[in-house]
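Engineer: Give me coordinates for this.
(one chain, ligands or ions: 1)
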Amino acid sequence: MPKYLFVTGGVMSGLGKGIITSSVAKLLQLSGVRATCLKIDPYLNFDAGTMNPYTHGEVFVTDDGGETDMDIGNYERFLNRDMSRANNITTGQIYKKVIDDERRGLFLGKSVQIIPHVTDEIKRRIRDLAEKEKVDVLVVECGGTVGDIESLPFLEAFRQMRMEDGPSKTLFLHVSLAPELSVVGEMKTKPTQHSVQEMRRIGVQPDVMVIRGSRPLPPDAKEKIALFTSVPIESVVSDPDVESIYLVPRLLEGEGVLAPIRRQLGLKARGSMRAWNTVADRFVGHGSTVRIAMVGKYANLADSYVSVNQALAHAGAVKGADVSISWIDSETIEKDESQLRQIDAYDGVVLPQGFGGRGIEGKIAAANVARVDKVPFLGLCYGFQLASVSFARNVLGLKGANSTEVDPKTPHPVIDLLPEQRDVADLGGTMRLGGHDVFIERPSRAFDIYGEEKIRERHRHRYELNQTYLKRFEEKGMRFTAFSDGRRRAEVMELEGHPFYMGTQYHPEYVSRPERPEPIYVAFVEACVKRARRSRAPERRR
Ligand code: GLN
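Structural biologist: Modelled structure (predicted):
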């Protein structure tokens, strides 16, 4: 019978609850326990697909085509295992199911209520996933902060599961914050006390506390938290800031987070952390840095492109280089030529995913500068599409070439709607989504990089390369070397005679993991490292 570890958050959002959830699950996995994670998002959207990544964070795509919360990406990266859309539950999905059932007459004669009907559906989903995945422990992370109206039905469902299964099969881990005001210089425990009081009010007493802070929690603060939250002191775990998220499992292990979990849930300790530590150690202290320009819509939320950032870090880790990413606002370079020329000062350019027309002229121009100045370039999805537009305009001389997403009347629609999208009216969950097999032609750089003729990569798009232009591209050295769906979709572009100029219609970042970096990212970062060495060599500096 599966056991459940519920993770809740107090005080405020942005504490890194997803990383703590992933890290605890990783520690369980490393000690021989079969574990996976489930994220609960208490919003009414059916899924994250229609949400704005600049306010909510990246939309992650699972192999089965789910458009999920970005935490699912953290789970995959830490656990090195595929998740599915079932690993993310939203309030919208729960209510839709309950209301659909009501319309079908399944509750005939009853008044349908939050308790028990909504809570029953929540519990059913949680238990179904644990059983389907055949795990020993399901780590269930509840989004938001305790005290939010939105998350109440979920916390109530957790409370009921504790009643049904007992404390040896359920555990509550509460993540909180001990803030520090620089003038006082003391880590404050009051917000934590309040958030635990709020939990108790709804009938939940935490078993383990994980306390975030800029530095380790001093012993007196730990004692205070233990006393006021009624949690044994050895179950109060300090989680200070560290250099890389991949160091968090080791940190939490060192802080003894596993002991109370093992004791309460009756789990045996087997296995070792050694293999993971070797991987995690690669993420610190390289000494050398590659500087990469990411050209996109201005994004002040670091979470908007988290998988791209992580994939670059994974590649940097194996290539022994820190990757420093500078954001270049494509709308600014659209207006200011001098900014555009600065691209030459970077070791590489990434053109990430995107939608719509804002700032695209800047992106198209950046793709051209990278080509002409021979700066390593990687175009991802929209980046692949706009690099094609850039090549069509600047090399093939096709004036006004564009994607029909931006200019439906373009004389040269080098990027056009996927045929099966023509009759699609709804915007939620209707793109070409999820894992598809991609077939690589040889000889090609793509084949050199992947070393395989068939790879599996994730997708999220409505538009694609219009292959009627393919011949003209290839005559000028831009080759398309990987395809999918029986050659109907072009998936990889590569430019001859350039140190590294490649683009992918798929999103390689979604399958990159610290234990298994995605090969095209590794090859790109390798090219960036080469350029960095050359441009910073002493003789060139004169
Ligand atoms: N807007 C483009 C499309 O729909 C690219 C999407 C993306 O970058 N994920 O095809």
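Engineer: tell me which element the residue lying farthest from the centre of the chain falls in.
Structural biologist: Going by CA atoms, centre = their mean, the residue of the chain most distant from its centre is Gly109, 44.2 Å out. For Gly109, there is no host helix or strand (DSSP states H and E).
Engineer: what does the model give it for pLDDT?
Structural biologist: On the pLDDT scale, Gly109 is placed at 84.
Engineer: same deal with Ser288?
Structural biologist: With respect to pLDDT, Ser288 scores 87.
Engineer: Point out the other helices and strands that the helix ranked longest in the chain packs with.
Structural biologist: Of all the elements of type helix in the chain, the one with the most residues (DSSP state H) is helix 519-535. Using 3 or more CB pairs under 8 Å, 6 or more residues apart in numbering; DSSP states H and E, the elements in contact with helix 519-535 are strand 289-296, helix 306-319, strand 348-351, strand 377-380, helix 445-450, strand 501-504. Yep, even glycine has a C-beta here, placed from its N, CA and C like the rest.
Engineer: right, so of those, which gets closest to the ligand?
Structural biologist: strand 377-380 (6.9 Å; CB to the nearest ligand atom).
Engineer: any residues touching the helix or strand just after the closest one, and which ones?
Structural biologist: Moving toward the C-terminus from strand 377-380, the next helix or strand (DSSP H and E) is helix 382-394. Surrounding helix 382-394, the residues in contact under the criterion CB atoms under 8 Å, 6 or more residues apart in numbering are 350-355, 360, 363-365, 367-368, 371, 377, 379, 398-403, 412, 414-415, 461, 463-465, 469, 473, 476, 478, 493, 495, 501, 503-505.
Engineer: In CSV: the helices and strands packed on helix 519-535, plus mean neighbour count.
Structural biologist: Compiled in CSV, the helices and strands packed on helix 519-535 are given as follows (neighbours: other CB atoms under 10 Å):
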stretch, mean neighbour count
strand 289-296, 23
helix 306-319, 24
strand 348-351, 28
strand 377-380, 28
helix 445-450, 19
strand 501-504, 26
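Engineer: With distance to Glu164 added, can I get those in a markdown table?
Structural biologist: A markdown table is the format used below for the helices and strands packed on helix 519-535 (distance: least, CB to CB, whole Å):
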| stretch | distance to Glu164 |
| --- | --- |
| strand 289-296 | 47 |
| helix 306-319 | 36 |
| strand 348-351 | 49 |
| strand 377-380 | 45 |
| helix 445-450 | 48 |
| strand 501-504 | 47 |
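Engineer: Tally up the residues packed near the closest residue to Lys169 other than its chain neighbours, please.
Structural biologist: Closest residue to Lys169 apart from its sequence neighbours, by CB to CB, 6 or more residues apart in numbering: Lys3 at 4.7 Å. Using other CB atoms under 10 Å, the number of residues around Lys3 comes to 23.
Engineer: quick one: Val372 from Gly357, how far?
Structural biologist: Distance, Val372 to Gly357, by CB to CB, to the nearest Å: 24 Å.
Engineer: For Gly477, which residues are in contact?
Structural biologist: Contacts of Gly477 (CB under 8 Å, 6+ apart): 495-497.
Engineer: Among those residues, which are located in helices?
Structural biologist: Using DSSP H, none of the contacts of Gly477 sit in helices.
Engineer: Would you show me how to pick out the buried ones of the residues you listed in ChimeraX?
Structural biologist: Selection of buried members from the contacts of Gly477 for ChimeraX, criterion 16 or more other CB atoms under 10 Å:
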select :495
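Engineer: Save the contacts of Gly477 as CSV, and put in distance to the ligand too.
Structural biologist: Shown next, in CSV, are the contacts of Gly477 (distance: CB to the nearest ligand atom, whole Å):
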residue, distance to the ligand
Leu495, 20
Glu496, 25
Gly497, 27
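Engineer: Serialize the contacts of Gly477 to a markdown table and add fields for distance to Thr55.
Structural biologist: A markdown table is the format used below for the contacts of Gly477 (distance: CB to CB, whole Å):
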| residue | distance to Thr55 |
| --- | --- |
| Leu495 | 35 |
| Glu496 | 41 |
| Gly497 | 42 |
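Engineer: about what we covered before: among the helices and strands packed on helix 519-535, which comes closest to Pro517?
Structural biologist: helix 306-319 (3.9 Å; CB to CB).
Engineer: List the strands paired with whichever strand or helix holds Leu38, with their directions.
Structural biologist: For Leu38, the element it lies in under DSSP H and E is strand 35-41. Neighbouring strands of strand 35-41 in its sheet, by DSSP bridges, are strand 88-90 (parallel), strand 137-142 (parallel).
Engineer: closest one to the ligand among these?
Structural biologist: strand 88-90 (18.6 Å).
Engineer: avg pLDDT for that closest one?
Structural biologist: pLDDT averaged over strand 88-90 gives 96.
Engineer: Can you give the distance from the helix or strand just after it to the centre of its chain?
Structural biologist: Next in sequence after strand 88-90, counting helices and strands by DSSP H and E, comes helix 91-103. Here helix 91-103 is found 28 Å from its chain centre; the criterion is CA atoms, centre = their mean, to the nearest Å.
Engineer: Contacts for helix 91-103, please.
Structural biologist: 41-47, 107, 112, 117-118, 121-122, 125, 150, 153.
Engineer: among those, which one has the lowest pLDDT?
Structural biologist: Scanning those for pLDDT, the smallest score is found at Asp47, 87.
Engineer: out of everything not next to it in sequence, what's closest to that one?
Structural biologist: Using CB to CB, 6+ apart, the closest residue to Asp47 is Glu67 (5.0 Å).
Engineer: Shouldn't His436 be within a strand?
Structural biologist: Yes - with DSSP: H, G, I helix; E, B strand; the rest coil as the criterion, His436 is part of a strand.
Engineer: How many neighbouring residues does the residue lying closest to it once chain neighbours are set aside have?
Structural biologist: Nearest non-adjacent residue to His436, counting by CB to CB, 6+ apart: Ser484, 5.0 Å away. Ser484: 23 surrounding residues under other CB under 10 Å.
Engineer: check contacts around Ser484.
Structural biologist: Going by CB under 8 Å, 6+ apart, Ser484 touches 436-439, 491.
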